[in-house]
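J.: predicted model, plus sequence, below.
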Amino acid sequence: MSDAGQRAGLSGGGAVPRAEDVFGSAPSYRRDTVATERVDSDESQNLRDLLALCKQSNRPPIILLFGFSYSGKTALAQRLQDIFQSRGYGISPAVGPKAHAERTNKIQPYWFSHPRRPNDGFILVDLPGERFSRAKEANFSDAVAKETLSLMAAADAYLLLLEADKTLYLDELRGQGAIGDLETKDYQEVVATMVQFAKLDWQLSRKLGRHGDIEAAAKAIAEMKPDERFRELSRGARASRKPVLLGLSIADRLHGNMAGLEEEATKKRLEARGENRGLSEAERTTIRQVVANFDRDPLLLINLRQQKLVAQVMSSFRYFRADFLTSFSGLPANFTGAASMTLYPPRGVEQNFDWLREAARRNRGGRLRTFARRSRLFSPLAEALDWLPSLRETVWALWTRASWDEALRNAR
Amino acid sequence: MLAEAAGVKSPPPQAPAKRAAVPSRGLAGRVKGWLLFTAIDGRGEQRAHANAPFEPRSPRGFVVLALVPGIVLLAVTAAIFWRPISVDPDTLSAIPIEAPAQTPAEHKLIQNIAVLREGIWEARLPPWSDVPSKGIARVSNPDVHAALQSLLGEIAAFGDAIGDRAPPGIHRDRVFLGQIADLRQQLSPIDAKLGGVRSITAYHLGLLALWAGDAADAEPQFASAVAIARKTEPLDAVGRQRLDGIEASAAYGLGLTEAARGLWRKAVADFDAALTASCRAAADSQTNRQADFGFSLGRANLVALDTRSIRNDRLIALLQARSGNDEAARVAVTSPTCGQLLSPARNAPSGDADAEARALFASLSVAGDPTLSANLQLRAALMGERDTVQQLSFDGADAQLQQAQGLARAIVGLEQADDAAGVDKSALADLQKLSTLKSKLAAQLRNGALSEPENDPAWNWSDPTLFTAWKNAAASLIAEQLLAKADGVRADNPGLAAALYGVVIDNRAWLPGRDVFDAWWRLNTGTTLSFVLAMLAVAAAMTGVLLAILRRWRRTYRTTFESYHHSDRLRAPEG
């Protein structure tokens, strides 16, 4: 493993990284978030419960957390537990360090509920990216695939987690030697899977609309031809109403490493221009400014670096936003005491999550709307209402920004 | 290379960012960009390009943008409809507007009064069956008693059949006259057998003559019945009451015959005598001590006189007497006895013509009260009572009352409405005197609940502030008519239209401010105020809707591009 990789906390060659490498500043009591041992679980029972629940008309929104290993899913879940506990929520089961979070791909829903505000509850379900990959490899025909599809169909909102530094600076990281070629390719695969995930959601919602129930839709998807399954949206089709939060996770790791990455990028620009010199003071100042404000324009950044992904998300989902997420920034790495999480800023995790569940709740609608969607008599009306454009759709904001912001326009 | 072997694409050579090389957009694109940036983004340009936090953020842009469509609408409307009148206004000698039109209910009422004026009797003679024939016949020949009884029954039935009415001008056909002659033939021998002068036969002979239209023949019969009733000494209270009842009925009949012969003054005196007698009869009653309370004397009181009929006929006689310039009748109107007798009943039936007419013209004295006279004249003019207006005219009061009188006369057409006395610019100020009464009357008639203004204890016809009340109420009506007239002639005769607008503006002292402003607006812009207000409302609605849309849009924009991570980091205590 190279020095840079060591510094950056990235594993160099496919070996399982140590937790402190991944979560450089995580407190020790949160350190063992990445587990290696597998435990048997009642995950099929969990899944059945979820599917039964999602058929109810008045239920907390189900938020599907989708991300590959090391993207910080479990750490985020624990951070959420801290945040929402401090806001008076109860979480069941606890995302606790006491029962060490297992390195597992079991489906585990976490129920967040508030004792006095029953409408504010939500359910967070962890869907490991490997599970989706496995389902894809199996051509969406085996039991795992069916479970995955059912879970996607049951969800009201998606939280897609991408590692911030790899997503934005993959080439620079490789150039730095922080990650190897294989890992680079792996990450490209991860992003491609995300793209496919977005495409599949559209097909899924189409099949759901046709078949009405989740099992039949999953079956229909499984029976589709592979090329058909990830086909682009056809013309005139409306994107999904599920809100999506593109989370650029482990943002603190990116921040710590960003000056180097930017230097790398600047050097590359100089090389491309044919200049072979060190960085000038002005360029260093610019880099410092960039690093100081690294997180101020996440959607534009991810749009510049991962155009295909954003384009797919844009065409598949009506409501989305991107932001950096930091689970444990602010705590010293060797912290061992009881952490008072209210002291440490949640770095937007809380607000992002509030946005997501609020959007999920709004798009799912109340009892009347869920009933109308399900009844044979009113479902055309509900569909027509769902089809109508809304000023909340992200495309309005993008369109507005593209009208004056050349950076966004050229990126598109 | 390992990278290529592993399938990793090497990064493409990055060209330096060349913002200047971006193909420039068209003007429309740039304007759209600027507009959306100002309205939706709301940050400063530098801050937006650096995607700095959204606070502070100016709401100016989107408010201005929301205002744009409304302003454009108003501008376009103004460009189309803004047509001020620039010609010189004409000089008006008379204003071509009409006095307020009659409402249908009013028209009906006036028709009823006109019928009265033409002299058709609305009188209902008291049915003799209610007069105590039994007591009168006690002294009579028992041989004729049964015959008289049955004959009176026949006459009563005949009276019922013709509704107890004897309109003098009616065409009496041969069958009708033959029936009456037959009854008279049967009654005459009975009268002879009874010895000639009996009140019961005299009354009925007079009644039959009256029905036949023979007033000269009826008069002595009624006169003898009255005389008998007056000179007979009653034995007891019941007898006195009976005699009073007979006197009242007979005096009424006598008055009717005199009225039919045009002896108005005598008729009024007889009607008064009938009313007095019936009041006496009512006072005689042990069960009813209210005197003149509304004429509900029934069989129990032995006298059943509908004094309403008497009052009505008295009123007609009075009006006719006035028409005939009978000064004595004029005096009779003002006699306190009559004034008391003819005051409207508390429970008088509403909505009928006689109550209206009675309350209007006969209840109060106008002598020496020019204010009352002027008010009554205006009211009569409103009802189309041209003769009444003429009769109520007075001389020598203050200028305001003279103007009111002139106005009333102009309305009914007694005088030409011209510069001197009619509805001209200065006299327009007096048109106001109409409308309170007019609207009140119309509303009450429409509701079928006519309550006379005189029924209101607080009402005073001699109240000088009545003019002011009328003035305010009538002003908008007049102004509207003027404006409508001006709008009508605007295209063909802008000078006249300008002059009419000028009339409204000149009379701003008493016309409603809204109409004055409207006139000014129409004169100077060519659009009506209501149209302008409607357009303003539409523009405001557009602005409101757009404001809501833009607000929502702004929030979506902010939600999309705001980084919660960034703003949290900036606000973090550890920096």
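T.: Good, I have the coordinates.
J.: buried set for stretch A:117-128?
T.: Buried residues in stretch A:117-128, counted by 16 or more other Cβ atoms under 10 Å in any protein chain shown: A:120, A:121, A:122, A:123, A:124, A:125, A:126, A:127, A:128. Any C-beta I mention is one placed from the backbone N, CA and C, and that applies to glycine too.
J.: could those go into JSON lines alongside secondary structure and distance to chain B?
T.: Listed next are those as JSON lines, based on DSSP: H, G, I helix; E, B strand; the rest coil; distance: Cβ to the nearest Cβ, whole Å:
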{"residue": "A:120", "secondary structure": "helix", "distance to chain B": "19"}
{"residue": "A:121", "secondary structure": "coil", "distance to chain B": "22"}
{"residue": "A:122", "secondary structure": "strand", "distance to chain B": "18"}
{"residue": "A:123", "secondary structure": "strand", "distance to chain B": "22"}
{"residue": "A:124", "secondary structure": "strand", "distance to chain B": "18"}
{"residue": "A:125", "secondary structure": "strand", "distance to chain B": "23"}
{"residue": "A:126", "secondary structure": "strand", "distance to chain B": "22"}
{"residue": "A:127", "secondary structure": "strand", "distance to chain B": "23"}
{"residue": "A:128", "secondary structure": "strand", "distance to chain B": "24"}
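J.: so for stretch A:364-376, what gets flagged as buried?
T.: Of the residues in stretch A:364-376, those buried (16+ other Cβ under 10 Å) are A:364, A:365, A:369, A:370, A:372, A:373.
J.: show me those residues that map onto strands.
T.: Assignment to strands by DSSP state E places none of those there.
J.: so which of the residues you listed are in helices?
T.: A:364, A:369, A:370, A:372, A:373 (DSSP state H).
J.: dump the residues you listed into JSON lines; add distance to chain B and pLDDT as well.
T.: Formatted as JSON lines, those follow (distance: Cβ to the nearest Cβ, whole Å; pLDDT from 0 to 100):
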{"residue": "A:364", "distance to chain B": "18", "pLDDT": "82"}
{"residue": "A:369", "distance to chain B": "19", "pLDDT": "83"}
{"residue": "A:370", "distance to chain B": "24", "pLDDT": "80"}
{"residue": "A:372", "distance to chain B": "23", "pLDDT": "85"}
{"residue": "A:373", "distance to chain B": "24", "pLDDT": "79"}
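J.: now the residue of the stretch 101-250 of chain A found nearest chain B: which helix or strand?
T.: Residue nearest to chain B within the stretch 101-250 of chain A: residue A:171 (4.0 Å; Cβ to the nearest Cβ). Secondary structure from DSSP states H and E places residue A:171 in helix A:164-176.
J.: what is the mean pLDDT for the helix of greatest length in chain B?
T.: Using DSSP H, we find that the single longest helix of chain B is helix B:529-561. Average pLDDT, helix B:529-561: 94.
J.: packing partners of that helix?
T.: Here helix B:529-561 touches helix A:298-305, helix A:394-404, helix B:60-81, helix B:513-525, going by 3 or more Cβ pairs under 8 Å, 6 or more residues apart in numbering or on different chains; DSSP states H and E.
J.: out of the ones you listed, nearest to residue A:62?
T.: Ranking these by distance to residue A:62, with Cβ to Cβ as the measure, places helix A:394-404 first at 21.0 Å.
J.: so which elements touch that closest one?
T.: Against helix A:394-404 (3+ Cβ pairs under 8 Å, 6+ apart) you get helix A:307-316, helix A:406-411, helix B:27-36, helix B:529-561.
J.: change it to 10 Å
T.: helix A:298-305, helix A:307-316, strand A:320-324, helix A:406-411, helix B:27-36, helix B:45-49, helix B:529-561 (3 or more Cβ pairs under 10 Å, 6 or more residues apart in numbering or on different chains; DSSP states H and E).
J.: quick check: angle from that helix to helix B:529-561?
T.: Angle of helix A:394-404 versus helix B:529-561, following axes from the mean of the first three to the mean of the last three Cα atoms, to 10 degrees, is 90 degrees.
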